[in-house]
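[1] Below is the sequence, then the predicted model.
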Amino acid sequence: MNLQSIRQKFERKKGRRDQVVTDLKETVRKRKDLESEILISEKAQAIIIAVAKATQDELTYRITEPVSLALAAVYDNPYRMSAEFKIAARGTTECYLNFERNGHLINPFAGAGGGPIDVASFSLRVGSWSLAYPRSRAFLGLDEPFKWVQRDKIPLAAQMLLEVSKEMPLQIIMVSHFPELIEGADRIIWQEDRNKDNKDTEEVNSFTKFTGDLKSFVEFLLEEKEMLKEAGKRPTKYQKHLYNYFLE
């Protein structure tokens, strides 16, 4: 092997060494970049978890507190509403609502009774409306609300309904047969229907209106009536009574 061959071999090895050094430096740089990205990701993950926890806590309060207050306004030994968030399939989050009393969780449909469920359902409807963005019109229609609430508790439910209507403020139109509930209304529309088989039998329905923005409600009725007309649909009996009373 002559000197020229040795020099060429040396240069080839030197070139490979230089390439290895360059690759090593690039690998070190990439590792540092990855470590930096991991650190940023961990910080971002911590922020996301903190924000999610704060959001869940706020949502839990906004859902459970109004329901608990409504139940306390009607019942002497009320349940409290509790909310539990769980990670479900594909990383989605689900919220489980239960009643709580004396530290025990109760499935509302498994033994809490229809009355508390009626009150809680009303509060959840109001809560859902208040959390929506943008909000729909400040109007809530109720058909026979609190029908499973004990009769001696109906006046308390009516007072709670009136306070919610005024505080939100929220226009509430409802149909009810309970005199105790009707008495709390600002305005009452009576409808009398005679039984075809027995003329001596009367069924009395009342359309009751609680405090709210009457102008907005009238505008809502006008839009609804026009939409039905354009769609070629006929208004229901209930809608006709509202139109005749508020629009004629």
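    Perfect, thanks for sending it.
[2] Which helix or strand in the chain has the lowest average pLDDT?
    The weakest-scoring helix or strand in the chain, judged by mean pLDDT, DSSP states H and E, is strand 202-209 (a mean of 39).
[3] Name the residues that touch the helix or strand following that strand?
    Per DSSP states H and E, the first helix or strand lying C-terminal to strand 202-209 is helix 214-231. Here helix 214-231 makes contact (CB atoms under 8 Å, 6 or more residues apart in numbering) with 137, 138, 139, 171, 173, 234, 235, 239, 242, 243, 246, 247. Backbone N, C-alpha and C define where each C-beta goes, glycine included.
[4] Apply 7 Å and report the result again.
    Helix 214-231 is contacted from outside by 137, 138, 139, 171, 235, 242, 243, 246, 247, using CB atoms under 7 Å, 6 or more residues apart in numbering.
[5] I'd like to know which elements the longest helix along the chain is packed against.
    Using DSSP state H, we find that the single longest helix of the chain is helix 3-74. Judged by 3 or more CB pairs under 7 Å, 6 or more residues apart in numbering; DSSP states H and E, the packing partners of helix 3-74 are strand 80-87, helix 114-131, helix 154-167.
[6] Just want the phi and psi numbers for residue 174.
    Here is the backbone geometry of residue 174 (degrees, to the nearest 10): phi -140, psi 160.
[7] Who does it form a beta bridge with?
    Residue 174 has these beta-bridge partners by DSSP bridges: residue 142, residue 208.
[8] surely it meets residue 140?
    No - counting by CB atoms under 7 Å, residue 174 sits too far from residue 140 to count as a contact (8.3 Å).
[9] In this structure, where is pLDDT below threshold?
    Low-confidence segments of the chain (pLDDT under 70): 1, 190-217, 238, 245, 248.
[10] quick check, distance from stretch 16-36 to the centre of its chain.
    53 Å (CA atoms, centre = their mean, to the nearest Å).
[11] Make residue 1 into 629 and carry on from there
    OK, 629 is where the count begins now, so the last one is stretch 644-664.
[12] Can you list the buried residues in that stretch?
    Residues of stretch 644-664 include none that count as buried (16 or more other CB atoms under 10 Å).
[13] do stretch 778-787 as well
    781, 782, 783, 784, 785, 786.
[14] Quickly note the distance from the residue nearest the centre of the chain to residue 694.
    Of all residues in the chain, the one closest to the mean position by CA atoms, centre = their mean is residue 756, 3.5 Å from it. Distance, residue 756 to residue 694, using CB to CB, to the nearest Å: 10 Å.
[15] Got a quick ChimeraX command for the buried subset of the contacts of helix 842-859?
    Buried residues among those (16+ other CB under 10 Å), as a ChimeraX selection:
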select :766,767,799,870,871,874
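[16] Which one of the contacts of helix 842-859 is nearest to residue 790?
    Using CB to CB, residue 799 comes nearest to residue 790 of the contacts of helix 842-859, at 12.3 Å.
[17] Distance from the chain centre to the longest helix of the chain, please.
    Relative to the centre of its chain, helix 631-702 is centred 35 Å away, using CA atoms, centre = their mean.
[18] Tell me what angle that helix forms with helix 782-795.
    130 degrees (axes from the mean of the first three to the mean of the last three CA atoms, to 10 degrees).
[19] Now do helix 631-702 and strand 708-715, the angle between them.
    Using the same axes, to 10 degrees: helix 631-702 against strand 708-715 is 160 degrees.
[20] tell me the angle of helix 631-702 relative to helix 742-759?
    For helix 631-702 against helix 742-759, the angle by the same axes, to 10 degrees is 130 degrees.
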